Structures are given as C-alpha cells and as structure tokens.
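S.K.: 3D model of this:
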Amino acid sequence: MPILFGRNTFFKLAPEASYAVTGAYKTNAVRTIDISMQTTQQRDRSNHLSSSDGAIAQSTFDQFRESGGSLSVPLYYSGSTLLLKALVGTITTTGGSPYTHVLKSNTTSLDSFTLALQRGSDANGQEVFTGCMINSGTISITAGEEASLSLDIIAKDSAARTAPALVPTYNATQKRVQHYETIVDLTFNGVTYKVRSFEMTIENSLERRNVLGSKLTESPDVSDFRSCVVSVETDAENNNLYAAMLAGTESSCVIKFKETGSTNYMEFTLNNSIITDYSDPISTVGRLSQSVTFTALAGASTEAFKIEINNLLDGANALNT
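M.R.: Below you'll find the model as predicted:
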C-alpha cells in the first residue's frame, strides 16, 4: 500500500448565501502552508450503572459531531480577500482599475463558506467542509519572510473523504505580500517606527450552537466581545512607546505594504488604539528591542479596524481566489 504525502495539498472555496448551503466554487484553488481540518465524533460513556465484573462500562453514546480546524495560507494582494472578508466583516469597493476594497469590522453577521480540501497525494483524500466560519485569524510577516494568513475555523460538517472531483488551477499572476514591500512604516501617535515583525490578530468569539435534534452545530454566533490587536517588535530608539503605554495614549495605528512595480497595496489600520502590552528587557550589551501590543478600540459609530486592499479586481470579482 503506497504511503500518502502532503505535497500538492490545496483547497477550493465556495461562498454560502445561506449557512452550510454550498454555492459556486471559485475558479482558482488556494495554496496551503499547513492545514488540520477534520471532523470528530465525540463519544462518552452511557450514564447507566451497568458494567462488567471488572467495573468497565458496557456502552457509549454519540455526543456532538464537530468539524473544523486550523490552516495557514500565503497572503496575496489579489486572491486573499474572500478569507479576509469572512474574518473581518463587510466590504466596500470603489474606483476603477485599480479598485479599492475596504474591509471593515462593523458587523457581527460574518460570512460562511464551503471548503473542499484535497489532502496531498491521497487518491481518496478530498473532504468537503460546509458551514465554515472563521473564529480567529492572524496576519503575520517578519523581516526576511513572506506574509501569511493563519485561521481557526469552525465548520458544520464534512462529507466522507472521496476521490477528487475538483482539479486545481491557480492564479498565475497573483503576487504574495513580501517583507521588503513596506511603504508606510508603522505609525502611531504621529511617529513612525521601523518594525522587524508585524502581527494582526482578530478574535471573533464565535461559539458553536448545539440544539436538540442534531449532533451538528447550528450557525455559530458572536458570543462575546470581538477584538483586534497588533503586535510588533522594533529596535529601541526612544521611550515614546513606553510613555504612551503609561499615559494610556489613544491613536490610530497604521502600516502599509505595496507590491513592487504595481499599484497593488494592502493597508492595515486600527482606527483608534491603545498600548496594552510593552516590554524592553535588557539582557545583552547589544541592540535593545521593544515588543509592543496595540489593542483596537471602537467608537460609538466607528469600526475599530479596517483592511484596505488595492488591486485590479472589480466589485463583482473582488472575492475571487
């Protein structure tokens, strides 16, 4: 029996107009860095007292059937917007070739989608997950590396693994966000900082919703406060960020990446933020660094954060992979 390999793992996405009802698949497949999507049938011992002479339970019963997992994918100027919208909330498209797509955190009605996963070389390794919603996500980039998008997903269910029905085709022109393409250094309280690493983490606080009549979850709901934090590491040049942490200074926080030789860009903005964690320990005679966490704050009628993407996809095709 041949060994299975992870090479050439991919998945395809289909938006869902109604929860767990698969729509049309996007033409292009999504390349993966790692993925751990699967379905688990939970079982527990029956609560009656019958046992063997050795006090071993005689039966179990099915509890919940839970689907989901985590995945990491490359972050592209064109092709990542479907997942980013499902993570953030709403999208507004303006302009014309190039087009500007603004994703805002101004809703708790988050998108669901179907994810059809091909598990590497497995000839019977295609598994289709319906009712996928993003519980949390992290956009990260470090000096010397490429940007990536990591997601934690709650799904309703998956079908049995079968022979592949979807053939991968990829967007041949999309470009990945690179570490050297920063055109607006991190800006906070009117001061810019050159950072060595950047992470934006969004927590949607989704919770499965189980009811009588099914082992599967209903559409998960936002059950607590959502949050967005930006964590950076920068070389220590002054005490401005330390002072801002102590003073509770509130300010916007912005960083922007632009594709080399193109009009494509991606800008990450906390419209109002405060420093909630700061560290600059000394353990060397060499260069000192600062680790800083900014937490987004919302106004009464203003969203806490947004992601702005500029590319050549119009409004009708903005969510193409």
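
S.K.: what residue of this protein is the furthest out?
M.R.: residue 53 (51.1 Å; C-alpha atoms, centre = their mean).

S.K.: could you look up the SS state of that one?
M.R.: Under DSSP: H, G, I helix; E, B strand; the rest coil, residue 53 falls in the coil class.

S.K.: quick one: it and residue 45, what's the gap?
M.R.: Look at residue 53 and residue 45: by C-beta to C-beta, to the nearest Å, they are 17 Å apart. Heads up, the C-betas are built off the backbone N, CA and C, glycines and all.

S.K.: next: residue 301.
M.R.: 52 Å.

S.K.: cool, and residue 205?
M.R.: Residue 205 is 32 Å from residue 45, by C-beta to C-beta.

S.K.: cool, residue 112 as well?
M.R.: 34 Å.

S.K.: which of those two has more neighbours?
M.R.: residue 112 (22 against 12; other C-beta atoms under 10 Å).

S.K.: quick one: residues contacting the residue nearest to the more buried one when sequence neighbours are not counted.
M.R.: In space, and not counting its chain neighbours, residue 112 is closest to residue 16: 4.6 Å by C-beta to C-beta, 6 or more residues apart in numbering. By C-beta atoms under 8 Å, 6 or more residues apart in numbering, the residues touching residue 16 are 22, 23, 111, 112, 113, 114, 130, 131.

S.K.: what residues are up against the last one?
M.R.: Taking C-beta under 8 Å, 6+ apart as the definition of contact, the neighbours of residue 131 are 16, 19, 20, 67, 112, 114, 155, 156, 157, 217, 219.

S.K.: now the top strand by length along the chain: mean pLDDT?
M.R.: Assignment by DSSP state E gives strand 126-142 as the longest strand of the chain. Taken as a whole, strand 126-142 has an average pLDDT of 97.

S.K.: list the buried residues for it?
M.R.: 126-141 (16 or more other C-beta atoms under 10 Å).

S.K.: of those residues, closest to residue 169?
M.R.: Taking C-beta to C-beta as the measure, residue 169 sits nearest to residue 126 out of the buried residues of strand 126-142, at 15.5 Å.

S.K.: quick one: list the elements packing against the host helix or strand of residue 294.
M.R.: Counting by DSSP states H and E, the element that carries residue 294 is strand 289-296. Helices and strands touching strand 289-296, by 3 or more C-beta pairs under 8 Å, 6 or more residues apart in numbering; DSSP states H and E, are strand 227-235, helix 240-247, strand 265-279.

S.K.: what sits up against stretch 297-308?
M.R.: 84, 88-89, 100-106, 200, 202, 228, 250, 265-274, 296.

S.K.: in strands only, show me the contacts of residue 131.
M.R.: 16, 67, 112, 114, 155, 157, 219.

S.K.: so which of those residues wins on neighbours?
M.R.: residue 155 (26 neighbours).

S.K.: quickly list what that residue is bridged to.
M.R.: Beta-bridge partners recorded for residue 155 (DSSP bridges): residue 67.

S.K.: gap between it and residue 288?
M.R.: Where residue 288 is concerned, residue 155 sits at a distance of 44 Å (C-beta to C-beta).

S.K.: again with residue 148
M.R.: Counting by C-beta to C-beta, the gap from residue 148 to residue 288 is 28 Å.
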